[in-house]
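Asks: only the shape, not the letters, is given here:
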DNA sequence: GGCGGGCGTGTGAACGTGCACACATTAGGT
DNA sequence: ACCTAATGTGTGCACGTTCACACGCCCGCC
C-alpha cells in the first residue's frame, strides 16, 4: 500500500487528466500542441485551473533532453562585480536575445572556490543547454572543467589559454588602446603614462600591449602603473604614483572611465589643468564619462552588443548551425570629448 | 529492438555500473553515501573517470523532489539594475549564505513582460526550492503569481500589497529618513528639500514619509522633487529644480548617494558652498559617498546583510523551522561626514 | 461497399535517478 | 551451533513528463 502523500503535493498531469476525465496524453498535447478537440481543450483548461497545475519542467527536460535555458556565468570576486559597469550591460544584452528565442537566462555567480565546484556541477547537471562565460582569467580552473562539458560554451573575452575551437566574442582591446593612445599623441602629448588594471585578464593585458605599440620606441615601462581594480579610488592612487614618477607627465590613458575619473581628481589636487596641462582618456564610455569635469574622451565598449552576440552564438550552435570558431570582435568607436 | 543512440549521448549511471561490473544501486550509494566496500568504490571511481560520467541533476531532482537551488529574482528595468549599487551587494550576500549551505543561487532577471511569464514558469517548474525577490513594485503582477507558488518565497523590501504571511527583510526606510533629516535640522538648517526617486517602490515612498515626519508642520510639499531614477544626472536636475523653487534652500536630503553627488554638482554650479551654505545628506553609504567633495553624510544600508538575511530566511523555511512572518528590519547606522 | 487517410484519443515505454526492500555474507555473542 | 547484528550488494518501483504507436471514428473516393 502506498504511503499517503502530504496533501500539499503539487498537481501533476495525471491529476489534470483525472479531473477532466481525459487521458494524460491528451493533456500533454494541449500543452505542447497537437490535434485536440475544442471540447477536450476546454475541459482540460478548466481542470488545470481547478487543480492549480503547473508543468514540472524538470521532468519535461528529462525526457526531451533540453532545458530551454542558458547559463550565464560571472567569474568575479566581490568587488569587481559591483564596480564594473559592463557586466550588467552584457548580461542584459544576452538576456534580451535569449528572451526573444524563448530561452531562460540563468545567471550564476562564482565568488569562491566552493562556488566553482558547485557551478560546474550545476552546468553539467542538465539544467542548461548552453553556457556563456564572462571575465574568465587565464588559468582559471573552470576553463578545463567547461572544456569537457557536453554543452555549447561561448566566452566573452578570450583568456590566453582558451582551447582552440571554442568560440568567443569580445572587442579589440589592443587595437582600440593603440588608437586612442595615438590620438593622444596627435594632440601633442609627449610624456604619456597609463593606469592599467586587471592585467591578469586578457582585456587588461591587451590594453597595455596596445598602449605600448602606439608609443613604440617612446614607451617607458615605469610610466605604466598597475592597480588591482577598475575603480575610482585606484585611479586616484595610480595617478599620484604617475605624478611622482614623472612630474612633467602630460598625457594619461586610464584602463577604464572610473580610473580616469579618479585620475582627474588626483590631477586637480596636484593643481594641473585638464586638458590644458594633461590630457586624459578612459575606456568603456560608461556613465562615468559624462559625470566628470571635463567630460572624458574614451573608447566606447559595446557591452550590450557583446552580450547579444554571445547569446546569438550559443543559440546558433544550439540550432546546429556552424559558427565561427575563431571568435568575433566587435568594433569600438572612439568618443572624443573635452578631457583630451 | 531499441534504436541505436547517437554516440555522443551523455554517460549515465548505467554506463558506469556496466563499466565497473557492479549494479547501479551501488554506484548510487558511492555517490550519495552508504555502505560500499573499498574495492567496489575504487572500481566505480575508475569507471566514472573512464566513461566521463556526471550525474544528471535534473533526474535526481525529479525523484528527490528538491533541487538544492534557490532563485534570486531581480525585477528591474535596464537602467536601475545597472546603476543601483545595492542589488549586487544583496546578491553577493545571499550567495555567500546559500553557498555555505551548499545551495546554488540562480539569478533570474526580469526585464520585460515576456520575462515575467517565462520566469514565473521557471520558478514553478521545480528548478528551485525557494525564491528571493528583489525590488518588487506595488501591484507587480509577479506578486500574485508567486503567492500561489508551492515554493517558499522571501521578499527584499515589502511592497504595500504584499500578502500577509510572506516574510520579508528590509531596512527601516521611514525611520532612517526621519533620523537623518532630524540631524540635518539639528545643524540649524531651516529650508530643507528632498530629491526623491522610485516612489512607486516602498523604499522610495517610505523615505519621503520619514522626511515628512521629521519636518512636521514645517513640511512643504513643493520642496519634495520626484525624479525617476536613483541616478547622478537626475540628482543634478532635481537640485536645479529645488533651487528654482526655493533659492534660499539650506538643506537637502537625497534619496541616494548618487542623487546627492549630482546635487553637489548642481550646487557647485550655482555657487553654493557645501556644507557652509547648504547641508547635503544621501542614502546607501555606497562608494559614491567617499568619491564626492566633501564626503557625504549618509545612511548606511547594510545590503550584504540584507541578502544574507533573506537567504537565511529561505533556508530556515526549507528546513521546516517557523520564521517570523512579519518580516525583519535591519538597523541602518547613520554615517556623519563633511557634507552636512 | 471497401479502403485509404485525416483527425482525435488512449497506452506503454522510455528519460536518469534515488530509495525501500530483499537478500547475501560475515562476525560476534550466548 | 544458533541467533542477531552489521555490512555489502542487487532489484523493482516511483518521480512527471514526452513521444511513438495503435486504435477508433468519419469522410470521400474509386
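Replies: That came through fine. Only a predicted model underlies this, so the values are computations on that prediction, with no experimental measurement involved.

Asks: residue A:108 falls within a strand, correct?
Replies: Yes - if the criterion is DSSP: H, G, I helix; E, B strand; the rest coil, then residue A:108 is within a strand.

Asks: I'd say it and residue A:74 touch.
Replies: Yes - judged on C-beta atoms under 8 Å, residue A:108 makes contact with residue A:74 at a distance of 7.3 Å. To be clear about C-beta, it is placed using only N, CA and C from the backbone, and glycine gets the same treatment.

Asks: quick check: neighbours shared by those two?
Replies: Common contact partners of residue A:108 and residue A:74 (C-beta atoms under 8 Å, 6 or more residues apart in numbering or on different chains): none.

Asks: chain neighbours aside, what residue packs nearest to the residue in the stretch 101-250 of chain A that chain B sits nearest to?
Replies: Using C-beta to the nearest C-beta, residue A:125 is the residue of the stretch 101-250 of chain A that sits closest to chain B, at 3.0 Å. Leaving aside its sequence neighbours, residue A:125 sits nearest to residue B:57 (C-beta to C-beta, 6 or more residues apart in numbering or on different chains; 3.0 Å).

Asks: contact partners for that neighbour?
Replies: Residue B:57 touches A:121-122, A:125-127, B:67, counting by C-beta under 8 Å, 6+ apart.

Asks: helices of chain A, start to end?
Replies: A:13-20, A:24-32, A:38-51, A:57-64, A:78-83, A:85-100, A:113-123, A:141-147, A:173-186, A:202-215, A:232-245, A:257-269, A:303-318 (DSSP state H).

Asks: ok, of those helices, where does mean pLDDT dip lowest?
Replies: Sorting the helices of chain A by mean pLDDT places helix A:78-83 lowest, at a mean of 65.

Asks: could you check how far residue A:183 is from residue B:318?
Replies: 57 Å (C-beta to C-beta, to the nearest Å).

Asks: kindly report the same for residue A:324.
Replies: 44 Å.

Asks: ditto for residue A:271
Replies: 59 Å.

Asks: these two - which one has more neighbours?
Replies: residue B:318 (17 against 7; other C-beta atoms under 10 Å in any protein chain shown).

Asks: the more buried one reaches residue B:129, doesn't it?
Replies: Yes - at 5.7 Å, residue B:318 counts as touching residue B:129 under the criterion of C-beta under 8 Å.

Asks: shared neighbours, these two?
Replies: residue B:152.

Asks: check contacts around the closest residue to residue A:177 other than its chain neighbours.
Replies: Nearest residue to residue A:177, sequence neighbours excluded (C-beta to C-beta, 6+ apart): residue A:210, at 2.9 Å. Residue A:210 is in contact with A:173-179, A:181, counting by C-beta under 8 Å, 6+ apart.

Asks: and residue A:332, how many neighbours?
Replies: Neighbours around residue A:332, by other C-beta under 10 Å: 22.

Asks: residue A:17: neighbouring residues, count only.
Replies: So residue A:17, with other C-beta under 10 Å, has 19 neighbours.

Asks: can you check the one 10 residues further on too?
Replies: By the measure other C-beta under 10 Å, the count of residues near residue A:27 is 27.

Asks: wait, it touches residue A:13, no?
Replies: Yes - shown here, residue A:27 and residue A:13 form a contact pair, counting by C-beta under 8 Å, at 5.2 Å.

Asks: residue A:159 contacts residue A:202, doesn't it?
Replies: Yes - between residue A:159 and residue A:202 there is a contact at 5.6 Å, judged by C-beta under 8 Å.

Asks: anything in contact with each of these two?
Replies: Listed as contacting both residue A:159 and residue A:202 by C-beta under 8 Å, 6+ apart are residue A:138.

Asks: the more surrounded of those two?
Replies: residue A:202 (25 against 21).

Asks: surely that one touches residue A:173?
Replies: Yes - between residue A:202 and residue A:173 there is a contact under C-beta under 8 Å: 7.2 Å.

Asks: may I see the buried residues of stretch A:31-48?
Replies: For stretch A:31-48, the neighbour count (16 or more other C-beta atoms under 10 Å in any protein chain shown) marks A:31, A:36, A:40, A:43-44, A:47-48 as buried.

Asks: okay, now residue A:313: neighbour count?
Replies: For residue A:313, the tally of surrounding residues (other C-beta under 10 Å) stands at 26.

Asks: the one 3 residues further on too?
Replies: The criterion is other C-beta under 10 Å. On that basis, residue A:316 has 16 neighbouring residues.

Asks: for it, which non-adjacent residue is closest in space?
Replies: residue A:323 (5.1 Å).

Asks: which residue comes closest to residue A:89 once chain neighbours are left out?
Replies: residue A:303 is the one closest to residue A:89 (C-beta to C-beta, 6+ apart), at 3.6 Å.

Asks: any idea how far residue A:177 is from the one you found?
Replies: Look at residue A:303 and residue A:177: by C-beta to C-beta, they are 17 Å apart.

Asks: re the thing from before, for the residue nearest to residue A:316, give me its contacts.
Replies: A:167, A:313, A:316-317.

Asks: from those, which two are the most distant?
Replies: Maximum pairwise distance among these (C-beta to C-beta): 9.3 Å, between A:167 and A:316.

Asks: so what are the domain limits for chain A?
Replies: A:13-55, A:69-170+A:304-329, A:173-299 (automatic domain parsing).

Asks: including distance to DNA strand C, could the ones you listed go into CSV?
Replies: As requested, the domains of chain A are exported to CSV (distance: least, C-beta to the nearest atom of the strand, whole Å):
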stretch, distance to DNA strand C
domain A:13-55, 3
domain A:69-170+A:304-329, 8
domain A:173-299, 35
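
Asks: spell out which residues of the stretch 151-300 of chain A are next to chain B.
Replies: Residues of the stretch 151-300 of chain A lying near chain B by C-beta under 8 Å from any C-beta of the partner chain: A:231-233, A:265, A:287, A:290-291, A:293.

Asks: make JSON lines out of the residues you listed and add distance to residue A:150.
Replies: Formatted as JSON lines, those follow (distance: C-beta to C-beta, whole Å):
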{"residue": "A:231", "distance to residue A:150": "38"}
{"residue": "A:232", "distance to residue A:150": "42"}
{"residue": "A:233", "distance to residue A:150": "43"}
{"residue": "A:265", "distance to residue A:150": "50"}
{"residue": "A:287", "distance to residue A:150": "40"}
{"residue": "A:290", "distance to residue A:150": "45"}
{"residue": "A:291", "distance to residue A:150": "45"}
{"residue": "A:293", "distance to residue A:150": "53"}
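
Asks: these: which two are farthest apart?
Replies: Using C-beta to C-beta, the pair of those lying farthest apart is A:233 and A:290, separated by 20.2 Å.

Asks: which of the contacts of residue A:323 sits closest to residue B:329?
Replies: Of the contacts of residue A:323, the one sitting nearest to residue B:329 (C-beta to C-beta) turns out to be residue A:313, at 45.1 Å.

Asks: from residue A:41, how far off is that closest one?
Replies: Taken as C-beta to C-beta, the span from residue A:313 to residue A:41 is 39 Å.

Asks: go on, residue A:309?
Replies: According to C-beta to C-beta, residue A:309 stands 41 Å off from residue A:41.

Asks: try residue A:310
Replies: Residue A:310 is 40 Å from residue A:41, by C-beta to C-beta.

Asks: wait, residue A:238 touches residue A:195, no?
Replies: Yes - between residue A:238 and residue A:195 a contact is recorded at 3.8 Å, counting by C-beta under 8 Å.

Asks: hmm, back to that, CSV please, covering the contacts of residue B:57 and showing neighbour count.
Replies: Output for the contacts of residue B:57, formatted as CSV (neighbours: other C-beta atoms under 10 Å in any protein chain shown):
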residue, neighbour count
A:121, 16
A:122, 22
A:125, 21
A:126, 24
A:127, 26
B:67, 26
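
Asks: would you turn those into CSV with distance to DNA strand D?
Replies: Output for those, formatted as CSV (distance: C-beta to the nearest atom of the strand, whole Å):
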residue, distance to DNA strand D
A:121, 19
A:122, 19
A:125, 15
A:126, 12
A:127, 15
B:67, 13
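
Asks: show me what contacts residue A:214?
Replies: Residue A:214 neighbours (C-beta under 8 Å, 6+ apart): A:177-179, A:181-182, A:185.
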